[in-house]
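K.L.:
below are the sequence and a predicted model; questions follow.
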Amino acid sequence: MKWFFIILLSVLMTSPAWAAININTATETELQTLKGIGPSKAKAIVEHREKNGLFKTTPDIKNVKGIGDGIYNSISAEINVGDKPIANTPKPATQTKTKPIEKTNP
């Protein structure tokens, strides 16, 4: 029975590793938990995000120097950009009703 609790505790302690990492908010340390992302790539991701703004989609991470298709394919199931999609277009301007111009005869 003691072994059961030890195994259960081990599984529960590693469960946060299964959670997806939000590449828009993750720290360099958190990014380094991803396969193929070391200190220099984690730093490049954070710097790219600070310079260019939030990632709109997960494939946008391939715009970071050093992150190609291979690394993206190995981490794509483990990353996200948040729970809400990031709009890439501004909200449309609201239109106001205008009255037609009335012609007057001189």
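P.N.:
Nice, I can see it.
K.L.:
unless I'm mixing things up, residue 80 is touching residue 26, no?
P.N.:
No: judged on CB atoms under 8 Å, residue 80 makes no contact with residue 26 at a distance of 10.0 Å. For every residue, glycine as well, the C-beta is placed using N, CA and C.
K.L.:
neighbour count winner among those two?
P.N.:
residue 26 (19 against 16; other CB atoms under 10 Å).
K.L.:
give me the pLDDT value at the more buried one.
P.N.:
Turning to residue 26, the model gives it a pLDDT of 97.
K.L.:
contacting residues around it?
P.N.:
residue 45 (CB atoms under 8 Å, 6 or more residues apart in numbering).
K.L.:
just to be sure, it is in a strand?
P.N.:
No: per DSSP: H, G, I helix; E, B strand; the rest coil, residue 26 lies outside any strand segment and is coil.
K.L.:
from residue 44, how far off is it?
P.N.:
13 Å (CB to CB, to the nearest Å).
K.L.:
which residues in the chain form helices?
P.N.:
Using DSSP state H, the helices found in the chain span residues 2-14, 28-31, 39-52, 69-75.
K.L.:
mean pLDDT lowest where, among those?
P.N.:
Looking across these, the weakest by mean pLDDT turns out to be helix 2-14, at a mean of 58.
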